[in-house]
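A.B. asks: Predicted structure and sequence below. I'll ask about it afterward.
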Amino acid sequence: EKVEITKEQRALIKAILDAYNRHQIPQDVTKKLLQEQYSAEENFLLLTEVATSQVQVLVEFTKNIPGFLSLDREDQIALLKGSAVEAMFLRSAQVLSKKMPSGHIEVLEERIRKSGMSEEFMTPMFNFYKSIGELHMTQEEQAILTTITILTPDRPYVKSHEAVERLQETMLEVLRKLCVLQHPQEPQYFARLLGRLTELRTLHHYHAEMLTSWKTNDHKFTPLLCEIWDVQ
Ligand SMILES: CC(C)c1onc(-c2c(Cl)cccc2Cl)c1COc1ccc(-c2ccc3[nH]c(C(=O)O)cc3c2)cc1
């Protein structure tokens, strides 16, 4: 069928893409990924610093999602807490799959592999990174898929389920049209993107176990990560 993006939908895409590009981890934080020496402790500390910075970036990005700030305040917090890990998997996946020459990619992968994480989480995690890389998402698709993840209505403690669902459905329709227009040869492309959201839920469960095992080995997190992940 003739797919057309309306004026309103184009404005939505622009608002989200601008916010997505405006809020990035500061260079001095990601530069550290290249500089500091390698040890499990040092890697864990660096990843904690980058994750903390990423959460701050995520909060700023979320505030720019049209309609988000008109949601109930407590629901805004519930959505952020419920989606932070998944949004960070998406963001780190996009960084790791970028073919850009910056040494960050190998270094980030190396530091994740050697940060005291148990093998059983490595496989699904790096399979996910590979599967995201194979999709060759455009910037708009990445930004809108992250938005859809944040606007997931069935997170714990969300009260106005319908209000969140309406926002998410608006974004799903925009993504559906973008996929048809930007990947005409791949009619299943939109379905493949949504399949990644299912994989993110599984990684989220693995991550909860990872947190527990890090806690047991007395790993320290920052106050912001403790708050967003209900740790300690
Ligand atoms: C608290 C730490 C140890 C942690 O716990 N779980 C994870 C964890 C893990 Cl490994 C995997 C996935 C999700 C989480 Cl949430 C992490 C580390 O989390 C991140 C690691 C890297 C990045 C990230 C995001 C954007 C970036 N841009 C650049 C750049 O070079 O431009 C580097 C970079 C890194 C974000 C979160």
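C.D. replies: Great, that's in hand.
A.B. asks: does the closest residue to residue 20 other than its chain neighbours sit in a helix, a strand or a coil?
C.D. replies: Here the nearest residue to residue 20 in space, its sequence neighbours aside, is residue 143; by C-beta to C-beta, 6 or more residues apart in numbering that works out to 3.6 Å. C-beta coordinates here come from the backbone N, C-alpha and C atoms, glycine included. Taken by DSSP: H, G, I helix; E, B strand; the rest coil, the conformation at residue 143 corresponds to helix.
A.B. asks: What's the separation between residue 143 and the ligand?
C.D. replies: As judged by C-beta to the nearest ligand atom, to the nearest Å, residue 143 and the ligand stand 14 Å apart.
A.B. asks: who's in contact with that residue?
C.D. replies: 16, 17, 19, 20, 21 (C-beta atoms under 8 Å, 6 or more residues apart in numbering).
A.B. asks: just those now: which is nearest residue 74?
C.D. replies: Relative to residue 74, the closest of the contacts of residue 143 is residue 19; by C-beta to C-beta it sits at 22.5 Å.
A.B. asks: Excluding chain neighbours, what is closest to that closest one?
C.D. replies: Per C-beta to C-beta, 6+ apart, closest to residue 19 is residue 64, 3.4 Å.
A.B. asks: count of neighbours near the one you found?
C.D. replies: Counted with other C-beta atoms under 10 Å, the neighbours of residue 64 add up to 16.
A.B. asks: related to what we said a few turns ago, columns pLDDT, secondary structure and distance to residue 192 on top of the contacts of residue 143, output as JSON lines?
C.D. replies: Putting those into JSON lines (pLDDT from 0 to 100; DSSP: H, G, I helix; E, B strand; the rest coil; distance: C-beta to C-beta, whole Å) gives the following:
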{"residue": "16", "pLDDT": "97", "secondary structure": "helix", "distance to residue 192": "20"}
{"residue": "17", "pLDDT": "97", "secondary structure": "helix", "distance to residue 192": "21"}
{"residue": "19", "pLDDT": "96", "secondary structure": "helix", "distance to residue 192": "25"}
{"residue": "20", "pLDDT": "96", "secondary structure": "helix", "distance to residue 192": "20"}
{"residue": "21", "pLDDT": "93", "secondary structure": "helix", "distance to residue 192": "24"}
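A.B. asks: Could you identify the buried members of those?
C.D. replies: 16, 17, 19, 20 (16 or more other C-beta atoms under 10 Å).
A.B. asks: tell me the two of these that are most distant?
C.D. replies: Spatially, the most separated pair among those is 17 and 19, at 7.4 Å (C-beta to C-beta).
A.B. asks: I'd like to know how far residue 230 sits from residue 77.
C.D. replies: Per C-beta to C-beta, to the nearest Å, residue 230 is found 12 Å from residue 77.
A.B. asks: same question, residue 34
C.D. replies: For residue 34, the distance to residue 77 (C-beta to C-beta) stands at 34 Å.
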